[in-house]
Structure formats: C-alpha cells, structure tokens
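[1] no FASTA, just this:
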C-alpha cells in the first residue's frame, strides 16, 4: 500500500454535547482541539447526539433534543412562508369576491 494514499488512523475522544458523555474511537478524523482523558491526551470531536443521548438507544419514546437550535431555525424559516401563503390566499379570495360583486352590479 502507498503510505501517502491513506489518512492517518488515530484514537479520537468523542464528546456527546447533550449529555457530556465521553468515549474513544479509532478514526481518520483530524480534529485540532485536544483534551486529556484518563491520563492521556486525545484530539476531541464534539457530537450533537450519540447513542448515549438518542431516544432510540435509550429505549424511550421520541424526545426532542434541540441542542443546536435546528428546530427553532426551521420554524422561523417556514413561519414567514406560511404567512405569505395565507396572505396570497386571502388576496385571491378577496379578488374573487370582488368579481362576483361586480357581476351582480352589472346585471
């Protein structure tokens, strides 16, 4: 095998951001941040959710864990679109009603 063809394999400390649980896995990730864990220094990679915080692995019902504000951003983004759609429908309904009134006046 070529030595330059593969990224270096190393142990990385993964930290679950929602629970703070730490575990070590061998990977080719190259994070720059480092931290000591159990007397040894490891590069660290922060996870928003892992098997230690995901409802499926905890055998619990669906629980919303919004550690990074994803749900909030989604609702804000699409709330404006829903308002625009509602306004467009209301304007269309008003235009149709006005046409009906105009037809009645002409008769």
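    Arrived safely. Keep in mind that this is a model prediction, so the values were computed, not measured.
[2] drop to CA atoms for contacts and neighbour counts, all remaining ones
    Fine.
[3] For this protein, give the helix that spans the most residues.
    Criterion DSSP state H: the longest helix present in the chain is helix 70-106.
[4] Report the buried residues of whichever strand or helix holds residue 15.
    Element membership for residue 15 (DSSP states H and E) is strand 10-16. Neighbour counts using 16 or more other C-alpha atoms under 10 Å place 12-16 of strand 10-16 among the buried residues.
[5] what mean pLDDT does that strand have?
    For strand 10-16, the mean per-residue pLDDT is 92.
[6] burial measure for residue 24, as a count.
    When neighbours are defined as other C-alpha atoms under 10 Å, residue 24 has 15 of them.
[7] and it, what are its phi and psi?
    Per-residue torsions, residue 24: phi -110, psi 130 (degrees, to the nearest 10).
[8] Buried residues of stretch 27-39, list them for me.
    Buried residues in stretch 27-39 (16+ other C-alpha under 10 Å): none.
[9] That one - what's its average pLDDT?
    Averaging pLDDT along stretch 27-39 yields 91.
[10] which residues sit against that stretch?
    Under the contact criterion C-alpha atoms under 8 Å, 6 or more residues apart in numbering, stretch 27-39 has outside partners 7-13, 41-45.
[11] Pick out whichever of those residues sits closest to residue 21.
    Nearest to residue 21 among those is residue 13, at 10.2 Å by C-alpha to C-alpha.
[12] Quick check: beta-bridge partners of the closest one?
    residue 24, residue 44 (DSSP bridges).
[13] so who does it touch?
    Counting by C-alpha under 8 Å, 6+ apart, residue 13 makes contact with 22-25, 37, 42-45.
[14] Quick one: buried ones out of these?
    22, 42-45.
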